[in-house]
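1. Below: sequence and its predicted model.
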Amino acid sequence: MSSAATMTSNGSAKTQPLNARNLTAPTTIQETGLPEELLLQLLVRTLYTQGELTERSAGEIMKLPYGVMKELFTLIQREKLCEVKGHGESLGVLLRYVLTEAGRQRATAFMDLCRYVGPAPVPLNQYIDMIKSQPVNSLTIDRRTVTAATEHLVLTPGTVDQLGEAVNSGWAIFLYGPPGNGKTVLAEAIGKMLEAVGGGEVYIPYAMEVDGQIIQVFDPITHVRVEAPQEAARSLIEAKVEKDTRWVLCKRPIEFAGGELTMATLDLSFNASAKYYKAPPHIKANGGVFLIDDFGRQLVRPRDLLNRWIVPLEKRVDYLTLHTGKVFQIPFDTIVLFATNLEPAKLADEAFLRRIRNKIYIADPTPERFTQIFEEVCRKKGVPYDPEAVQYLLDGVYVKYQLNMRSCHPRDLIEQIVSIAKFNGVPPTLSKTFIDRACHTYFFVEAAEYDQNTSQ
């Protein structure tokens, strides 16, 4: 079924688009939207790996309610694949089931087809409905939210404006400029902006089913769980609505990919031994942010990678292929961030750059901004701030050796100073000695000349 199902008085199914508001648990196998055979195989594999289960314990693993599990156990018991070993728990209602010899043989055959054991998947059409109901461009990110998420970065007002406008668009963003000025940190800040507003959470399925195949979507590294709000019954006689626990409420995801990104990474990952799939990173990022860091330094040619993104960026859909040859369409509702320190014109042609509607240049900091960042880092690291010491750093190091200031330098140099002080057993300060020593080891290009000067 393409959406959440309810039953009419005459027994026929009617549907409504699935979203977070009508995410009620299925009460029958039919309402799961999944093929009966897929659920039977999943239950038999689960019973095979666990040894013994009740309707409740099996439901906790498969994330299905008692009514559905009871129906499934009845079916496999009818086929003589399992038998009742006794009553389970203290209630005396639940039964303990084990596989029969025929059930173990069938489980072995099922394991040869697919070894997935875990939460039951949701059908592709329900996944599509859910993604469409919680689009990233439906959020309103105001100036206060952007400022709060980026206050630790000391950005210019113009950059703050550009970021806010770009995130509200929901379209791809090209961050470019010299290295070390916080392009990666900006991606994390955008994630904070999405979290800070209403609708900053999304429902992610543990897995989805496509043409009888299982694709694992939920990734505990990418997807951060949040507590789902509990809905109380409105009266003593009204039962609390049970939610479909095949879905996990999460913060809007932030997925990273760097130099390791290849064309194969953007396709479904099929485990030949386990015989099920894992979703590619940009699909795991649906509803959130996908950062391609160090763009242009991947193993694949930039133009090949960009050609792969033309349709998803333009149409907000992607096409994935199962190993059976089945091609299916899937939503691509992600803010893609391309972060690079290379010249954009050398990476992409005009046609592609046109599809990236937001292009933001992240420049080197001015001396004033550099000083602000330095003071902020000193406060966070517990190092007494000294404006004269920073001026000495600017004149005696950056000007003298013609170095470019980067936004990451204050953090790195102060961490160097903290390490030097720790080794010498003294409190960290912005003394000339500590600054000279930190610069000597950090700006290695000037190391030989620097050592020669400091030894005099």
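-> Thanks, I have the structure now.
2. so how far is Gly258 from Ile356?
-> Remark: distance between Ile356 and Gly258 (CB to CB, to the nearest Å) = 19 Å. Just so you know, the C-beta spots here come from the backbone N, C-alpha and C atoms, and that holds for glycine as well.
3. Who has more neighbours out of these two?
-> Per other CB atoms under 10 Å, whichever of Ile356 and Gly258 has more neighbours is Ile356, with 19 against 14.
4. Can you verify my assumption that that one contacts Ser169?
-> No - if you go by CB atoms under 8 Å, Ile356 and Ser169 don't touch, sitting 11.0 Å apart.
5. got the contact list for Asn307?
-> Applying CB atoms under 8 Å, 6 or more residues apart in numbering to Asn307 gives the contacts Phe352.
6. start at 871 instead
-> In the new count, where the first residue is 871, that last one comes out as Asn1177.
7. show me the contacts for Lys1154.
-> Lys1154 neighbours (CB under 8 Å, 6+ apart): Val1087, Asp1089, Thr1092, His1093, Pro1123, Glu1125.
8. Now it: closest residue in space that isn't a chain neighbour?
-> Distances taken as CB to CB, 6 or more residues apart in numbering place Thr1092 nearest to Lys1154, at 4.9 Å, with adjacent residues excluded.
9. pretty sure that neighbour contacts Ile1124?
-> Yes - with contact defined as CB under 8 Å, Thr1092 reaches Ile1124; the gap is 7.5 Å.
10. Can you pull the residues that touch both of these two?
-> Ala1155.
11. which sections of the protein are below the confidence cut-off?
-> 871-887, 890, 958-962, 1098-1111, 1314-1326 (pLDDT under 70).
12. Report the buried members of the contacts of Lys1154.
-> Val1087, Asp1089, Thr1092, His1093, Pro1123, Glu1125 (16 or more other CB atoms under 10 Å).
13. and the gap between the fourth one and Glu1071?
-> Counting by CB to CB, the gap from His1093 to Glu1071 is 11 Å.
14. now the helix or strand harbouring Met939: how far from the chain's centre is it?
-> Following DSSP states H and E, one finds Met939 within helix 936-948. On the basis of CA atoms, centre = their mean, to the nearest Å, helix 936-948 sits 35 Å off its chain's mean C-alpha point.
15. now what about that helix, what contacts it?
-> Contacts of helix 936-948 (CB under 8 Å, 6+ apart): 896-899, 901-902, 906, 909-910, 913-914, 925-926, 928-929, 932, 934, 952-954, 965, 967, 973.
16. How about stretch 1032-1041?
-> 1005-1007, 1009-1013, 1015-1016, 1020, 1025, 1043, 1056, 1059-1060, 1063-1064, 1183, 1203, 1205, 1226-1228, 1230.
17. Which positions in that stretch come out as buried?
-> Of the residues in stretch 1032-1041, those buried (16+ other CB under 10 Å) are Gln1032, Leu1033, Gly1034, Ala1036, Val1037, Gly1040, Trp1041.
18. Those into a markdown table, with extra columns for distance to Asp1114 and secondary structure?
-> Listed next are those as a markdown table, based on distance: CB to CB, whole Å; DSSP: H, G, I helix; E, B strand; the rest coil:
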| residue | distance to Asp1114 | secondary structure |
| --- | --- | --- |
| Gln1032 | 40 | helix |
| Leu1033 | 36 | helix |
| Gly1034 | 35 | helix |
| Ala1036 | 34 | helix |
| Val1037 | 30 | helix |
| Gly1040 | 27 | coil |
| Trp1041 | 31 | coil |
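19. which one of these sits closest to Val1247?
-> Leu1033 (21.3 Å; CB to CB).
20. Counting neighbours, what do you get for the residue nearest to His957 when sequence neighbours are not counted?
-> Counting by CB to CB, 6+ apart, the nearest residue to His957 once its immediate chain neighbours are dropped is Leu965, at 6.2 Å. By other CB under 10 Å, the residues close to Leu965 number 19.
21. Same question for Asp1282.
-> 14.
22. In which helix or strand does it reside?
-> helix 1279-1294.
23. Show residues contacting that helix.
-> Helix 1279-1294 has contacts (CB under 8 Å, 6+ apart) with 1050, 1240, 1243-1244, 1246-1248, 1251, 1253, 1263, 1297-1300, 1304-1305, 1307-1309, 1311-1312.
24. Thanks a lot, see you next time.
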